[in-house]
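Chemist: with the sequence up front, the predicted model follows.
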Amino acid sequence: MPRIGQVGLGYWGKNLVRNFAELATLAWLCDASAELREQFAGRHPEARVTASFADLLADEELDAVVIATPVPTHYPLARQALDAGKHVFVEKPPAMKGAEMEELLELAEERNLVLMPGHLLLYHPGVLKLKELLDTGDLGELLCVYSNRQNLGIIRRDENALWSLGVHDLSVILHLVAEEPDEVVANGNAFLNEGVEDVVFCYLRFPSGKIAHMHLSWLDPHKMRKLTVVGREKMAVFDDMELERKVTIYEKAPWEPAGTYGEWRTRTGDIFSPKIPNDEPLRLECEHFLRLLAQGPGDHVEARDGLRVVRALDRLTESLRG
Ligand SMILES: NC(=O)c1ccc[n+]([C@@H]2O[C@H](COP(=O)([O-])OP(=O)(O)OC[C@H]3O[C@@H](n4cnc5c(N)ncnc54)[C@H](O)[C@@H]3O)[C@@H](O)[C@H]2O)c1
């Protein structure tokens, strides 16, 4: 079993620890907080506990590092870990600048190390279903995608709605469209904390003409975690707030009857929800990382996905502030 060390044992980190403790050998736990170190030392006597990330890097027996610290620390910690020859799982987004992510990818390639960003939704069975519906041609040609990620939720002071919420939808949209946008526009405003946009609308246009939109906000009456995919033949909705009907397929589409020359009609048929496995996306994500450790990084598909996301975030931020 691979030996894993994790830095960051906060709100999200504890979920990663739970999974890796069950799936691998948890060798090190690291956090700056003495209180968290004490708590986790009690729960995981099998792991060594430290405040210093350098202790993990100095352990020659350690195979991989899991980084679940705040976003600005991701790039420097991931860089140090790759430099020390460790495989890396890093929470999203792995860096705050496209150039930094390019550097991480180059380092991982040079050293043949796994570099996997924690784009959780890419392992969600509902999102896998959407991708399958597109890949098999079931929805027909993909025309547009839009997402709603709104909630009167945690009001953050360090990350804006684009970086905190948008990173999830962006990873899925880029995965489904499988192109990099050639035009990005973001508009928004910081109503509560100066410089931290709490409401952001983003528009992306891709070289093939496909378009996408994201509504990201923590000032909203609705709690929405929804992605709508419009294909030429059918439409599909992934709704993560639904317990059972995570994906709904609408047999709705425009059609042009033969001989009517440009006169479009609409067709409406069944609406149905395929069975989506109940597996925990985080468990699937952790298993994927362990599979990469066993098989090797291959073409660094995951890190390249991460690079596309960071690049798009970078460009959207420029547009938002422009
Ligand atoms: N995939 C998801 O759905 C999801 C959900 C929530 C958070 N996250 C991500 O998880 C990461 C952590 O978020 P969180 O909400 O758990 O934050 P948090 O503030 O609760 O926890 C971060 C922890 O990191 C520790 N830390 C910071 N710098 C450190 C350092 N240099 N060395 C050792 N310890 C250090 C802090 O003491 C803290 O305990 C973020 O990148 C966030 O984007 C992902």
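Modeler: Arrived safely, thanks for sending. Residues are numbered from 1 along each chain as shown.

Chemist: which residues does Asn148 contact?
Modeler: Counting by CB atoms under 8 Å, 6 or more residues apart in numbering, Asn148 touches 215, 222, 224-227. (Glycine included, C-beta is placed from N, CA and C.)

Chemist: which among those count as buried?
Modeler: 215, 224-227 (16 or more other CB atoms under 10 Å).

Chemist: one step back: which single one of the contacts of Asn148 is nearest to the ligand?
Modeler: Checking those against the ligand with CB to the nearest ligand atom, the nearest one is Arg225 at 10.9 Å.

Chemist: excluding chain neighbours, give the residue nearest to the closest one in space.
Modeler: Asp240 (3.8 Å; CB to CB, 6 or more residues apart in numbering).

Chemist: quick check: phi and psi on the one you found?
Modeler: phi -80, psi -10 (degrees, to the nearest 10).

Chemist: count of residues packed around Tyr203?
Modeler: Counted with other CB atoms under 10 Å, residues neighbouring Tyr203 total 17.

Chemist: which helix or which strand is home to it?
Modeler: strand 199-205 (DSSP states H and E).

Chemist: hey, C-alpha coordinates of that strand in CSV?
Modeler: What follows is strand 199-205, C-alpha atoms only, in CSV (Å, rounded to 0.1, in the frame of the first residue of the first chain):
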residue,chain,number,x,y,z
VAL,A,199,-21.8,37.6,-7.3
VAL,A,200,-20.2,36.7,-10.6
PHE,A,201,-21.6,35.9,-14.0
CYS,A,202,-19.2,34.3,-16.5
TYR,A,203,-19.6,33.7,-20.3
LEU,A,204,-17.3,31.4,-22.3
ARG,A,205,-17.2,30.8,-26.0
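
Chemist: what is the orientation angle of whatever helix or strand comes next after it with strand 199-205?
Modeler: Next in sequence after strand 199-205, counting helices and strands by DSSP H and E, comes strand 211-217. Angle of strand 211-217 versus strand 199-205, following axes from the mean of the first three to the mean of the last three CA atoms, to 10 degrees, is 170 degrees.

Chemist: what is strand 211-217 packed up against?
Modeler: Strand 211-217 sits against strand 142-150, helix 167-177, strand 199-205, with contacts defined as 3 or more CB pairs under 8 Å, 6 or more residues apart in numbering; DSSP states H and E.

Chemist: partners of the last one, with directions?
Modeler: In this case it means strand 199-205. Strand 199-205 pairs in its sheet with strand 183-189 (antiparallel), strand 211-217 (antiparallel), by DSSP bridges.

Chemist: quick one: closest of these to Glu244.
Modeler: strand 211-217 (24.7 Å; CB to CB).

Chemist: related to what we said a few turns ago, mind listing what's buried along the strand holding Tyr203?
Modeler: In strand 199-205, counting by 16+ other CB under 10 Å, buried: 199-204.

Chemist: may I see these arranged in JSON lines, with pLDDT and distance to the ligand as well?
Modeler: Converted to JSON lines, these look like this (pLDDT from 0 to 100; distance: CB to the nearest ligand atom, whole Å):
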{"residue": "Val199", "pLDDT": "97", "distance to the ligand": "19"}
{"residue": "Val200", "pLDDT": "98", "distance to the ligand": "16"}
{"residue": "Phe201", "pLDDT": "98", "distance to the ligand": "21"}
{"residue": "Cys202", "pLDDT": "98", "distance to the ligand": "18"}
{"residue": "Tyr203", "pLDDT": "98", "distance to the ligand": "24"}
{"residue": "Leu204", "pLDDT": "98", "distance to the ligand": "21"}
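
Chemist: for the residue in the chain that the ligand sits nearest to, give me its contacts.
Modeler: Residue nearest to the ligand within the chain (CB to the nearest ligand atom): Gly10, separated by 1.9 Å. With contact taken as CB under 8 Å, 6+ apart, Gly10 is in contact with 31, 33, 36, 68-69.

Chemist: also Glu302?
Modeler: Shown in contact with Glu302 (CB under 8 Å, 6+ apart): 114-117, 119, 288, 292.

Chemist: of those, which belong to strands?
Modeler: Judged by DSSP state E, strands contain the following of the contacts of Glu302: 115-117.

Chemist: nearest to Ala27, out of these: which one, please.
Modeler: Taking CB to CB as the measure, Ala27 lies nearest Met116 of those, at 18.3 Å.

Chemist: the closest one against Leu82, yeah?
Modeler: No: assessed by CB atoms under 8 Å, Met116 is found out of contact with Leu82, at 11.9 Å.

Chemist: so what sits against both of these two?
Modeler: By CB under 8 Å, 6+ apart, Met116 and Leu82 have these common neighbours: Val88.

Chemist: if we can go back for a sec, pull out the buried members of the ones in strands among the contacts of Glu302.
Modeler: Buried residues within the ones in strands among the contacts of Glu302, counting neighbours by 16+ other CB under 10 Å: 115-117.

Chemist: make TSV out of the contacts of Glu302 and add distance to Lys210 and pLDDT.
Modeler: TSV is the format used below for the contacts of Glu302 (distance: CB to CB, whole Å; pLDDT from 0 to 100):
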residue	distance to Lys210	pLDDT
Val114	31	98
Leu115	28	98
Met116	27	98
Pro117	23	98
His119	20	97
His288	27	98
Leu292	29	98
